[in-house]
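Peer 1: Please work out how this folds:
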Amino acid sequence: MLQKTTPIHSKKIRDAARNQPCTLQIVGVCNGDWSTTVLAHLPDESHGIARKSDDLSACFACDSCHSVIDGRMKWPPMELEHKDWYFRRAQIRTWRVLFQEDVFSIKGAA
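Peer 2: Residues are numbered from 1 along each chain as shown. This next block holds a predicted model:
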């Protein structure tokens, strides 16, 4: 069992989402309006009642995709079975941008 950890929150990570392309890009949902992009938190073990997931468990999401992952809009039926794939792809895409823009670093990585 994992120990309870201190939440990871970063203003730099949240600010880096501004005007970025949506990394979720859910087919039939994504609005392509990068001016609405925010850091959207994905479900994981760090979230709970009245507590968002860590900023590392997040992605850049346009307003429409964000509405889907937060439950304000329904997943398109054809994409629902691919939900976990969308989450993982978006998280990795987001990490790559954050790494390339020196928002965070990885020891030993070039």
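Peer 1: how many other residues sit next to Tyr86?
Peer 2: By other C-beta atoms under 10 Å, 23 other residues sit near Tyr86. (Each C-beta comes from the backbone N, C-alpha and C, glycine too.)
Peer 1: Quick check: the gap between it and Asp54.
Peer 2: According to C-beta to C-beta, to the nearest Å, Tyr86 stands 19 Å off from Asp54.
Peer 1: Same check on Phe60?
Peer 2: Going from Phe60 to Asp54 by C-beta to C-beta gives 15 Å.
Peer 1: out of those two, which sits in the busier spot?
Peer 2: Counting neighbours by other C-beta under 10 Å for Phe60 and for Asp54 shows that Phe60 has the greater number, 27 against 20.
Peer 1: Is that one in contact with Ala40, as I believe?
Peer 2: Yes: with contact defined as C-beta atoms under 8 Å, Phe60 counts as touching Ala40 (7.4 Å).
Peer 1: which neighbours do the two share?
Peer 2: Common contact partners of Phe60 and Ala40 (C-beta atoms under 8 Å, 6 or more residues apart in numbering): Leu24.
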